[in-house]
Each structure stands twice: as C-alpha cells, then as structure tokens.
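Colleague: Could you work out the structure for the sequence below:
(chains A and B)
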Amino acid sequence: MMRTHYTSEITSEDAGKEVVLAGWLHEVRDLGGILFLLLRDREGIAQITIVTKKSDPELVNKARKIPRESVIVVRGSVKAEPKAPNGYEILPTHIDVLSKAESPLPLDPTGKVGADLDTRLDVRFMDTRSPRTFSIFAVRHHVMLATREFLTEKGFIEITTPKIVAAATEGGTALFPLSYFDREAFLNQSPQLFKQMMMAGGFDRVFEIGPIFRAEEHDTTRHLNEATSIDIEQSFVTHHDVMGLLEELVAYVYEKVSERCERNLRTLNIELDIPKTPFVKITYDEAIEIARDVEPSLEWGEDLTTAAEKRIGEEIGEHYFIVDWPTSIKPYYSMPYGDKPEICKSFDLMHPKMELASGAQRIHEYGLLKKRIEEQGLNPDSFDFYLQAFRYGMPPHAGWGMGVERLLMTMLDLKNIRECILFPRDRRRVAP
RNA sequence: GUCCGGAUGGUGUAGGGGCCGAGCAUAGAGCCCUGUCGAGGCUCUGACCCGGGUUCGAAUCCCGGUCCGGGCGCCA
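Modeller: Have a look, this model is predicted:
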C-alpha cells in the first residue's frame, strides 16, 4: 500500500505521527508565506500546510507547481491544529506527483462552478471525484449490500440468469435485438421466467440483482434503457406474503443506509425517514377513484397515467401498494382471482413520486398459464422452455421485481434517474 | 414519438437587431500576500452549435439541421 491512512482515519489525537496520504490535489491556497494544499481521497479531505520560509525551498517550489486534480502522495507528520478544517493538518516532508492532471479540467470537482448532468456524464470519472456524486454510489453499494443481507437472512439463494435470450419474457415492452452467431437473440427485459423456473427447480426462494434491458424510446427523468433490478421469487406463499417481504426489505434498506452511510447522507444533505411498516394498501379501484380528480376520463381497465400516479402519491404521502389490478393490463403469469377473474393477485409498490416495484401471485397451473399466454396474443410455442417447467410439479409461488435506481432515486430525492447509475444508457447515450 | 424551452471561453451563466472590439463567475498564466477554509488584491489569456436567408448591419430575427433540457406518451 502506498498510503497508511485515509484522510478520515486521522484525528488530532494522532499528533506527531508520521502518515502517508494518497489522493487528488483538490485545491491550493497560496497565501505567500503559507501554502495550503488540500488532498482529497474518497473518504474526505486533509489539509497539507507548508510554511514557506521554514520549509525546504525545493518542496515549496514543487508544491506550487502541481496542477489541481493531479494524483499525489504526501508523507508528513500530523499536527493538531484547531485552525485546520478537521482539527489536524499535515506538515509534509515529501510530496510525490504520481500523475499530473492536464488543465483546464473538464469540470470542477470542488463544485464551486456547477456542471450540467450531461457534461458530468461525459466525464463521469471526474464527476465521481466530487464528494456529492461519490456519496450517491457509496449509498447505492449499501442498498445492494443490505438487500443481499436481508434476503440471505430470509433464506433466499442468489442466482444469475441469462441476459441473452431467444424470446420476449412478457410481451409488452420492446427488446433490443442482437446477433447471436447465425441467429437473432435479444437482451432480456427481466429474469422473470428464469426465476419462476427455479421454483420448479426446487430452490423455494431465489433472488437476483442484475441488469434488465428495455428498448422503449422513453425519454424521461425516471426511465433507463439499461436498469438494475432486484428480483425475488418464493414458493408456497401468496402475494400477501411477498408484499410483506418487500415492505420489510425497503424498511431494512433504509435503516441500514441511515446507520452505515451517515457521512454520505450528510454530504448529500439527506435526512432519511425510515418508512413505517406495514405500508398502506389500496385497491386499483380505489386508486382510480382518487385519480379521477385529475384524470376524469380515466376508465376502469386502463393503466394509471403519470398525473394519476402523482395525484395518488400526494393523497397517500408515503410508500403504498396498489393491489388487485385488472388482469388485462398485467402480464399473463399473474394469477386471476378465482371468483373474479377480471382482476388478478398483482401489486405495485409505489413511492409517492413513482412506481418502485411490481409483483404478483403467479399462475402455477400449466393449462391456465398456456391459456393466458394465448389470450394476451402471444405464441405459447416460443415459451416452451418455460411452460415445460409447469408440467412436472410446480409449487404455488409469488414474487416481485424492484428497480434499484428508482429505490435509490426516491431515497435520496434525486431529480434524475441518471444520477443513480454510473454510466446511464438512455435514448441517446451509449457512451461512455 | 410528441409538445414546449434551450445551445455564448474548459465549466456555469448575462446579453434577445447597431450600445458587443460580447459582460460576470470560476478555472488557467503571471505578480503581491504567514492561517486559508468558496481566501483576497492587481494584470493577462480564452466563447456567440452548423448551414442557408432577411437586413446598410445578426450572438440577437426567419428557415433547415444537429445536439441538449423539461413535460407527456410508451414503459418498470
């Protein structure tokens, strides 16, 4: 290791110790007789102080010439100093420039001058140097870690399923075609079919965190063409059981993030309210009723518009479920109610600002599933690989899928979903 | 896809027919400065998206294109 400490690992109590810090030259303040260099690493910023008259002229000269954002290693002793930012400063004996930064910089990581999201995404490697952007991804990591902990604790087994597939999963959404040797294939829109097949496979409880691809030409602040989904499937349970699991998971993730990401949340200026469980449940019928305030022409059997979702979100004001959707607007694998087949055992998890997840009790009976595929205008033959799993002992099961970026976006109150993914793929952007 | 708005130094912006030889901030170069913490002061460098048109005159108005932002749709 080239460094002995992160900047955050030093306090005024380390006075007198020799340390080696490594990072980027965040800022230089040259006051003439005294020179302050700010060294930034991913955990924070440390002040390097050089009193010019008392220091080696060569070191002073060298320090004055380093361009901002160059990668430097500083060896020196810690001095307790109430006037310094974190209560300590480093009196350097050696400063090495490992990689000199060109100037001007494509954006300003100190954040003094703003940059458009588009500019930031073009030079994401530099954007993530800013403590704010870095914090978003530190939180993202903890969202995914907490999810894995929670689901593992609940007996779920993590699986990975193919992203290259032969046929559409659900119909509905558009897929990206690609050439697979001499055949056409697609990028998968969801692990749905595979996780269900593993219920027949005896896994009982599975989850996957992975990319999903949608070829829709949507162009909004809450859609991506490549997103990350947390998907679960569980056997011998009902949709009510997996809704319970989902709300517990969301609350757990919020709780762990607020415990483990204190500094990041402070950087982002976010005060996390841990959602209270159980979440409110309203039926689709009730949702339509509320939505008619703003969408009087909304008919039963139609999907909710953006304005409708907003109106209902305002009304409820916290996380909630919309349950019992019309069978016709949900995927074919959703289980219709036996006594009322026009509605099904499906649900959406909503944040007041947008949809986060959707799921259902699944059809586990071969004949009904095949019939539903046909009714939705799809060809059962292309689902043979899937349907087969329902013919030799398929337990009743339920599950859901939740968008990681949307969870993070609503948690951190970010205005654009592109903030939540390092290298977003959208209608226009395929690089970097 | 559609509607609205926009494109000015590296970055973020002001200016909406002549006042623009384009203002400001920040960054960069240089000088001064011993406690900065958005350090400060002085000097300098650096820009009107592309193509047509209107006009004596276009950064500014019109047309086309490209790119970008927001809303809606589609969608999760």
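Colleague: Show me what from the stretch 101-250 of chain A comes close to RNA strand B.
Modeller: Neighbours of RNA strand B within the stretch 101-250 of chain A, by CB under 7 Å from any atom of the strand: A:103-108, A:112-119, A:170, A:172-173, A:214, A:216-221, A:223-225, A:227. Placement of C-beta: from N, CA and C, glycine included.
Colleague: Report the buried members of these.
Modeller: Among those, those scoring as buried are A:107, A:115, A:170, A:214, A:223-225, A:227 (criterion: 16 or more other CB atoms under 10 Å).
Colleague: May I ask which two of these are separated the most?
Modeller: Within those, A:107 and A:170 form the most distant pair, 40.1 Å apart (CB to CB).
Colleague: Is residue A:323 bridged to anything, and to what?
Modeller: When bridges are called by DSSP bridges, residue A:323 pairs up with residue A:283, residue A:347.
Colleague: any idea how far residue A:410 is from it?
Modeller: Residue A:323 is 20 Å from residue A:410, where distance means CB to CB, to the nearest Å.
Colleague: mind showing which ranges of the stretch 51-200 of chain A have poor pLDDT?
Modeller: Applying pLDDT under 70 to the stretch 51-200 of chain A picks out residues A:168-172.
Colleague: Tell me the spacing between residue A:195 and residue A:303.
Modeller: Residue A:195 sits at a distance of 24 Å from residue A:303 (criterion: CB to CB).
Colleague: neighbour-wise, which of these two wins?
Modeller: residue A:195 (24 against 12; other CB atoms under 10 Å).
Colleague: show me the contacts for the more buried one.
Modeller: Residues near residue A:195 by CB atoms under 8 Å, 6 or more residues apart in numbering: A:159, A:161, A:206-208, A:231-233, A:399.
Colleague: Neighbour-wise, which one of the residues you listed leads?
Modeller: Among the contacts of residue A:195, the one with the most neighbours (other CB under 10 Å) is residue A:233, at 29 neighbours.
Colleague: doesn't residue A:199 make contact with it?
Modeller: Yes - assessed by CB atoms under 8 Å, residue A:233 is found in contact with residue A:199 at 5.8 Å.
Colleague: Mind listing the shared neighbours of these two?
Modeller: Common contacts of residue A:233 and residue A:199, defined by CB under 8 Å, 6+ apart, comprise A:206, A:397.
Colleague: Show me chain A divided up by domain.
Modeller: The record assigns chain A these domain ranges, following automatic domain parsing: A:7-99, A:126-279+A:318-420.
Colleague: Same list (these) but as JSON lines, adding distance to residue A:297.
Modeller: As requested, the domains of chain A are exported to JSON lines (distance: least, CB to CB, whole Å):
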{"stretch": "domain A:7-99", "distance to residue A:297": "52"}
{"stretch": "domain A:126-279+A:318-420", "distance to residue A:297": "17"}
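Colleague: Highest mean neighbour count out of those domains?
Modeller: Using mean count of other CB atoms under 10 Å, the stretch among the domains of chain A with the greatest mean number of neighbours is domain A:126-279+A:318-420 (a mean of 18).
Colleague: Among the buried ones among the residues of the stretch 101-250 of chain A next to RNA strand B, which lie within strands?
Modeller: Among these, the ones falling in strands (DSSP state E) are residue A:227.
Colleague: which one of the buried ones among the residues of the stretch 101-250 of chain A next to RNA strand B sits closest to residue A:376?
Modeller: Of all these, residue A:376 sits closest to residue A:170, with 8.8 Å by CB to CB.
Colleague: on that earlier part again, among the contacts of residue A:195, name the ones in helices.
Modeller: Applying DSSP state H to those, no entry is found in helices.
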